[in-house]
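Chemist: okay, predicted coordinates and the sequence, questions at the end:
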2 protein chains.
Amino acid sequence: MTPYYTDGQATIYHADAFDILPRLEGVGALVTDPPYSSGGAFRGDRMTTALSKYASSDSSAQRGIGFTGDNRDQRAFLAWCSLWLTACRGASVEGATFAIFTDWRQLPTLTDAVQVAGYVWRGVGAWSKKFGRPRAGGFSGACEFLAWGSHGALDAVPTYPAGVFECSAPPVRTRAHLTEKPEPVMAWALGNVAPGRLVLDPFMGSGSTLIAARLRGCSAVGVEIDERYCEIVARRLSQELPFDPPTMPSPGLWGRGAL
Amino acid sequence: MTPYYTDGQATIYHADAFDILPRLEGVGALVTDPPYSSGGAFRGDRMTTALSKYASSDSSAQRGIGFTGDNRDQRAFLAWCSLWLTACRGASVEGATFAIFTDWRQLPTLTDAVQVAGYVWRGVGAWSKKFGRPRAGGFSGACEFLAWGSHGALDAVPTYPAGVFECSAPPVRTRAHLTEKPEPVMAWALGNVAPGRLVLDPFMGSGSTLIAARLRGCSAVGVEIDERYCEIVARRLSQELPFDPPTMPSPGLWGRGAL
DNA sequence: GCCGAGAATGAATCCATCC
DNA sequence: AGGATGGATTCATTCTCGG
């Protein structure tokens, strides 16, 4: 339980999420982008490495770091998500929200899992990338989805994020992580999180969640199993502007929880 | 099995879908907008009429025709969808596509049902209404979703509809049906249907699917249990421009099926 | 016909009351 | 106790209407 990195605002643990989550508390928002275990209707299509699955095969970008934990079938994915989501909810204050990215194929399994874990599922947002790969005879896959909800009643935080957010996906060659979300997309995903809350990302990757949390005036905890990403994110955090504690709207009006 | 209305292009049956579907054949595309049985996290919120559920209580629009069959719980909704989807697939040619509207809450149940029925689920499109009712502390519900896929292999029809379609919802009082889809939205939903195919809508409502099919150069069958809508649609179809058989791309190149 | 100001609206949700 | 009913709430977009 020794952090890999910590400063006034952000803390990184180099560990498996299951080793850290049981010891956390005070979480006000879960915002994450777990491995989708998706890609392909057949088992064989899922069993390749993350790199060859998600770096499009006709690009020159088949390089970079891959990531692990992306080979579960539907039943295992449901069980695994239910477990880490249960642990996250256990670390959360009443009224904490969640916002979890997924693709169309895993959305039903993920929404089952959040409910198995005891969260209240309250909606689905859509990140429109504007251009998906076209597909003859089919609709292009131009969206990723954001399942959101809360632990118990929803705090009426006076924010009104849109249900659809439009933002082009960055080119693969500029990403630190294969499935890295653009910064505006992460800011959108944090759009209903009250400043001052503690944001948790158990699958930190390149750390976009932690950066977005900092910009929003939130503290944050990231957990990442691959040390190379921990190093990258620690460097990013050191170079970003220092954390300014929230001076934004009166916290007293922003509901219960870790304010 | 006597049509309520028929012309060279469109046929309407005033009946329950289950009475008609077993006797249909040659369907090349299922495009429909079934009752969602949605609305509210609690059973009580689903058990009111469609009008009071969906015509917002603060508007002056609590009038007009409602619709039935919108009060099923999750288990019943899954079973019911599985049954009519099975019947639709039975009436379909190999390679026929489906495109079915639903809201965020029923999307997982619907995608289960299409797979129970033997269809291949291939993706989710999103109709963005640009603006949904705002919700403090939450993402606005600005989307309806379009689950799509095929009966067997997907024909490589050379069309590339977008995964996200943006179109404002028209005001309730200008609609013939409470949940009527704008014409551009239906045209989008038919975006991967080859002209000349037979389009089926077992929950016809105000007939937007049939109109969109006509504009696309497709024949169409609609089934509707409420005679008032049958009458409205028959009138719409009589007043629309007559059907021009497709003169569009060479049908031979557009795959198998009802061309 | 064009423009701007003001009004209306929403495939809701939550909760207090009433049966 | 549990289901049914009705009111309050929210704001970007669309609609309406007058100039």
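Modeler: Nice, I can see it. Numbering: from 1, shown residues only, chains lettered A, B, ... in the order given.

Chemist: and the nearest residue to A:Pro34 once chain neighbours are set aside, what does it touch?
Modeler: In this structure, A:Pro34 finds its nearest non-sequential neighbour in A:Phe203, 4.9 Å apart by C-beta to C-beta, 6 or more residues apart in numbering or on different chains. From N, CA and C alone the C-beta is placed, and that goes for glycine too. For A:Phe203, the contacting residues are A:17, A:32-35, A:223-224, by C-beta atoms under 8 Å, 6 or more residues apart in numbering or on different chains.

Chemist: from A:Pro134, how far off is the closest residue to A:Ala136 other than its chain neighbours?
Modeler: Leaving out its chain neighbours, the residue that sits closest to A:Ala136 by C-beta to C-beta, 6+ apart is B:Ala156, at 4.2 Å. With distances taken as C-beta to C-beta, to the nearest Å, B:Ala156 is found 12 Å from A:Pro134.

Chemist: follow-up on the earlier one: tell me which of the contacts of A:Phe203 is nearest to B:Met186?
Modeler: A:Asp33 (33.7 Å; C-beta to C-beta).

Chemist: in what helix or strand does the nearest residue to the closest one once chain neighbours are set aside lie?
Modeler: Distances taken as C-beta to C-beta, 6+ apart place A:Phe101 nearest to A:Asp33, at 4.2 Å, with adjacent residues excluded. Per DSSP states H and E: A:Phe101 is located in strand A:92-102.

Chemist: against which helices or strands is that strand packed?
Modeler: Under the contact criterion of 3 or more C-beta pairs under 8 Å, 6 or more residues apart in numbering or on different chains; DSSP states H and E, strand A:92-102 touches strand A:27-32, helix A:74-90, helix A:107-116, strand A:143-150.

Chemist: quick one: contacts for the residue nearest to A:Asp33?
Modeler: A:Phe101 neighbours (C-beta under 8 Å, 6+ apart): A:32-34, A:127, A:144-146, A:181, A:189.

Chemist: same list, those, but as CSV with pLDDT please.
Modeler: Output for these, formatted as CSV (pLDDT from 0 to 100):
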residue, pLDDT
A:Thr32, 98
A:Asp33, 97
A:Pro34, 97
A:Trp127, 97
A:Glu144, 96
A:Phe145, 97
A:Leu146, 98
A:Lys181, 94
A:Ala189, 98
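
Chemist: which of those lies closest to DNA strand D?
Modeler: A:Trp127 (16.9 Å; C-beta to the nearest atom of the strand).

Chemist: OK, contacts around that closest one?
Modeler: Here A:Trp127 is in contact with A:101, A:143-146, A:165, A:167, A:181, A:185, A:188 (C-beta under 8 Å, 6+ apart).

Chemist: just A:Val164 next, same as before
Modeler: Listed by C-beta under 8 Å, 6+ apart, the contact partners of A:Val164 are A:125-126, A:128, B:126, B:128, B:130, B:142-143, B:164.

Chemist: which residue, other than its chain neighbours, is closest to it?
Modeler: Nearest non-adjacent residue to A:Val164 (C-beta to C-beta, 6+ apart): B:Ser128, at 4.4 Å.

Chemist: who's the one you found bridged to?
Modeler: Beta bridges link B:Ser128 to B:Cys143, B:Glu166, judged by DSSP bridges.

Chemist: from B:Leu146, how far out is it?
Modeler: Counting by C-beta to C-beta, the gap from B:Ser128 to B:Leu146 is 11 Å.

Chemist: the more surrounded of the two?
Modeler: Comparing B:Ser128 with B:Leu146 by neighbour count (other C-beta atoms under 10 Å in any protein chain shown), the higher total belongs to B:Leu146, at 27 against 22.

Chemist: does the more buried one touch B:Ala126 like I think?
Modeler: Yes. Using C-beta atoms under 8 Å, B:Leu146 and B:Ala126 qualify as a contacting pair, with a distance of 7.1 Å.

Chemist: show me where the stretch 51-200 of chain A dips below the pLDDT cut-off.
Modeler: Residues of the stretch 51-200 of chain A that meet the criterion pLDDT under 70 lie in A:51-64.

Chemist: who in it is up against DNA strand D?
Modeler: For the stretch 51-200 of chain A, the residues in contact with DNA strand D (C-beta under 7 Å from any atom of the strand) are A:158, A:160.

Chemist: give me the neighbour count for the residue in the stretch 151-259 of chain A positioned nearest to DNA strand D.
Modeler: Of all residues in the stretch 151-259 of chain A, A:Tyr160 sits closest to DNA strand D, at 4.7 Å by C-beta to the nearest atom of the strand. A:Tyr160: 16 surrounding residues under other C-beta under 10 Å.

Chemist: for A:Ala91, same thing?
Modeler: Neighbour number of A:Ala91 under other C-beta under 10 Å is 22.

Chemist: again, but for the one 4 residues further on
Modeler: Using other C-beta under 10 Å, A:Gly95 has 22 neighbouring residues.

Chemist: in space, what's closest to the residue positioned nearest the centre of chain A - neighbours in sequence excluded?
Modeler: In chain A, the centroid-proximal residue (C-alpha atoms, centre = their mean) is A:Thr32; its distance is 1.5 Å. In space, and not counting its chain neighbours, A:Thr32 is closest to A:Asp201: 4.7 Å by C-beta to C-beta, 6+ apart.

Chemist: what's in contact with stretch A:76-95?
Modeler: Residues contacting stretch A:76-95 (C-beta under 8 Å, 6+ apart): A:17-18, A:21-22, A:24-28, A:30, A:34, A:37, A:72, A:96, A:98, A:106, A:109-110, A:112-114, A:116-119, A:150-155, A:200, A:202, A:255-258.

Chemist: how about stretch A:16-30?
Modeler: A:1, A:13, A:83-84, A:87-88, A:90-93, A:95-100, A:190, A:193-194, A:196-203, A:218, A:221, A:223, A:225, A:257-259.

Chemist: buried ones among those residues?
Modeler: Buried members of the contacts of stretch A:16-30, scored by 16 or more other C-beta atoms under 10 Å in any protein chain shown, are A:13, A:83-84, A:87-88, A:91-93, A:95-100, A:190, A:193-194, A:196-203, A:218, A:221, A:223, A:225, A:257-259.
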